[in-house]
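Trainee: Can you look at this prediction? I've put the sequence above it.
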Amino acid sequence: MDKIDFYMNEFVKDLKHKSIFEYLKNVNQGKRLRSKLILKIAQPSDEAYKLCAVIECIHLASLMHDDVIDEALTRRNTPSINAIYGDKTAIMLGDILYSIAFYNLTSFKQEISACVGLAVALLSSGELLDVELGESFNEDENKYYEMIYKKTSSLIEASAYAAALLVDKKDALNYKEFGKNLGIAFQIVDDILDITQDEATLGKPNLNDYKEGKVTLPYIMLDRALKDEDKKRLRAYFAQTLNKEEQSWIKEQFAKYDIINKSIKIAQEYGEKALKCVDNPDLQDIVKKMIFREF
Ligand code: FPP
Ligand code: MG
């Protein structure tokens, strides 16, 4: 992974912007799922590390913009760029990181730059859909799946596909399908952890999604299970800051209807679907660790 950092720093070194380096140092300590996939599929090489750096820069740029949109003050347990420098700087630093990633993406063959380029368009329209869906209580599971495919899975799909293209795998499209299903499983797990994990583990408040107006899969399933008064109560809590008692009520309902286990099962099904796409035992471990992670 040091080589990924090396390339990321190389990309931005001529920009001489102090906050980009700080951000790379402090916040760039995520799970790096996308890079893990690339290195397992394409095997380590200078080109593969450079592709990882391109994808991680795009991912970080998208998080910088996402934190402005979500008005998030923390990211991975450290203050977000918008919290430190304000929205304007965070947006422009995201633009810089994103553009420099694209500049470096042009050194790869056309199919690779096309698939990553398309993923960024999907990712951005997924974020827009996420914002639009947050305007009222979304009970439509299909819209939720469309949104998480675009917002999260598209870049994971492109990472797996681009890695397969990099080493000229004949079944590159199967890796694409693998990445797509893994990406959907990943976002479902993320949405579950928002409910089950505490603030210290998450690096952001617990039950934050619902407060932000995000009706994730567990909430859609709970809404469907609840009757009359309780359904009304859940919907009244949508996009509100809740007190301890209200938060406990939501958690009790999740437990009563076994929603968390049911949601994990769906994530697992997507994980299994992903593994059926490729005959690559190295990827099994990544899928399992991703589904049973704690943050
Ligand atoms: C996190 O979602 C956000 C994303 C995965 C995508 C964000 C995409 C954009 C802002 C489009 C702009 C793209 C570029 C490249 C500049 P979340 O809010 O559900 O997750 P979180 O809890 O990690 O914030
Ligand atoms: Mg966010």
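Mentor: The structure has been received and is ready for your questions. The structure presented is a predicted model; accordingly, all values stated were derived computationally and were not measured. Numbering: from 1, shown residues only. Ligands and ions are numbered 1, 2, ... in the order given.

Trainee: Give me the pLDDT value at the residue nearest the centre of the chain.
Mentor: Nearest to the centroid of the C-alpha atoms of the chain, with distances taken as C-alpha atoms, centre = their mean, sits residue 152, at 4.4 Å. For residue 152, the pLDDT comes out at 97.

Trainee: same question, the one 5 residues further on
Mentor: In this prediction, residue 157 carries a pLDDT score of 98.

Trainee: Pull up the gap between residue 112 and ligand 2, please.
Mentor: The spacing between residue 112 and ligand 2, counted by C-beta to the ion, to the nearest Å, is 28 Å. From N, CA and C alone the C-beta is placed, and that goes for glycine too.

Trainee: Tell me the residues on the stretch 51-200 of the chain that lie near ligand 1, please.
Mentor: 58, 61-62, 65-66, 69-70, 72, 94, 98, 120, 123-124, 127, 151-152 (C-beta under 6 Å from any ligand atom).

Trainee: closest point of the stretch 151-295 of the chain to ligand 2, which residue?
Mentor: Closest approach between the stretch 151-295 of the chain and ligand 2, counting by C-beta to the ion: residue 212, at 7.4 Å.

Trainee: give me every residue that touches that residue.
Mentor: With contacts defined as C-beta atoms under 8 Å, 6 or more residues apart in numbering, residue 212 is in contact with 70, 134, 239.

Trainee: What's the separation between the second one and ligand 2?
Mentor: Going back to what we said before, that points to residue 134. Residue 134 sits 11 Å away from ligand 2, going by C-beta to the ion.

Trainee: list the contacts for that residue?
Mentor: Applying C-beta under 8 Å, 6+ apart, we find residue 134 in contact with 212-215, 239.

Trainee: could you check whether stretch 191-203 is close to ligand 2?
Mentor: No. Figure legend: stretch 191-203 not in contact with ligand 2 (C-beta under 5 Å from the ion); closest approach 10.3 Å.

Trainee: Tabulate the CA atom coordinates of that stretch in CSV.
Mentor: Provided in CSV are the C-alpha atoms of stretch 191-203 (Å, rounded to 0.1, in the frame of the first residue of the first chain):
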residue,chain,number,x,y,z
ASP,A,191,-26.0,1.2,6.0
ILE,A,192,-26.4,-1.6,8.6
LEU,A,193,-23.3,-0.4,10.6
ASP,A,194,-24.8,3.1,10.8
ILE,A,195,-27.4,1.4,13.0
THR,A,196,-25.4,-1.2,14.9
GLN,A,197,-22.1,0.5,15.7
ASP,A,198,-21.3,3.3,18.2
GLU,A,199,-19.9,6.7,17.4
ALA,A,200,-16.4,5.9,18.4
THR,A,201,-16.3,3.0,15.9
LEU,A,202,-18.1,4.8,13.1
GLY,A,203,-16.2,8.1,13.4
